[in-house]
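Asker: below are the sequence and a predicted model for it; my questions follow.
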Amino acid sequence: EPMSERQLIDEITILFVAGHETTANALTFTAWLLAKHSHVQQKVLEEITRVQAECDNPIEQLAKLHYTKAVIDESMRLYPPAWITDRENLEDDTLAGFSIREDTLVGVSFYALHRHPEYWEQPNDFLPERFIGENRKKTNGVYFPFGAGPRLCIGLGFAVYEMTLAIAYLVKNYHLTTTVDKIKFNPLITLKPVGAEVRIAKRT
């Protein structure tokens, strides 16, 4: 049956409220990574310039910003804002030699999974090419910045579009640099960047 007006308003509200901090954190990590890796920043700029010359429809432009989206994906692999999730065990079970009782709350670290050397080559390196073309298939089953299954983040599509637009605008108009070689973070409910200093200079 269709949603009531109250339910529709609640769904729209959660998109904006729940996604505010996570998106802000993801954009901060991404801006710092671009500032640190100038060659990647240059590739993003070149893609944006090319795509905007090809068409002036923002929706069509978003669909063509493949490398820019790959940069965001790689940023969220290294620094997933929703870095951990939990599930309640439905029955007594054994995993890797550990006994897990029914109703136990089990935490799953996406941060650890996204950097596991069994699944990722050079797991601690910033390599957006992982998410380009055929390489992207290798990430299936080991990349969950928005969770997975029935509880997949409702804001996935909105967040990706929002971040792509923001990064495209930022890189097109500003040159990013940083003197911070290694970023710190607090693993709270979300992964919060600490001291992610980025200097911006308007492009001429």
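Answerer: The structure has been received and is ready for your questions.
Asker: the residue positioned nearest the centre of the chain sits in which helix or strand?
Answerer: For the chain, the residue sitting closest to the mean C-alpha position, by C-alpha atoms, centre = their mean, is Met76 at 3.1 Å. Per DSSP states H and E: Met76 is located in helix 66-78.
Asker: contacting residues around that helix?
Answerer: 26, 29-30, 33-34, 40, 43-44, 47-48, 114-115, 120, 124, 126-132, 139, 143, 145, 160, 163-164, 167-168, 171 (C-beta atoms under 8 Å, 6 or more residues apart in numbering). Yep, even glycine has a C-beta here, placed from its N, CA and C like the rest.
Asker: pLDDT on stretch 23-42, on average?
Answerer: Per-residue pLDDT values over stretch 23-42 give a mean of 97.
Asker: surely Leu152 and Phe146 touch.
Answerer: Yes - at 6.0 Å, Leu152 and Phe146 qualify as touching, with contact defined as C-beta atoms under 8 Å.
Asker: would you map the strands across the protein?
Answerer: Residue ranges of the strands in the chain, as given by DSSP state E, are 84-88, 93-95, 98-100, 105-109, 174-177, 184-187, 191-194, 199-202.
Asker: which strands and helices lie in contact with the helix ranked longest in the chain?
Answerer: Identified as the longest helix of the chain according to DSSP state H is helix 5-36. Applying 3 or more C-beta pairs under 8 Å, 6 or more residues apart in numbering; DSSP states H and E, we find helix 5-36 packed against helix 38-54, helix 66-78, helix 156-173, strand 174-177, strand 191-194.
Asker: out of these, deepest packed?
Answerer: Comparing the helices and strands packed on helix 5-36 by mean neighbour count (mean count of other C-beta atoms under 10 Å), helix 66-78 ranks first with a mean of 23.
Asker: angle of it against helix 38-54?
Answerer: Orientation of helix 66-78 against helix 38-54 (axes from the mean of the first three to the mean of the last three C-alpha atoms, to 10 degrees) gives an angle of 140 degrees.
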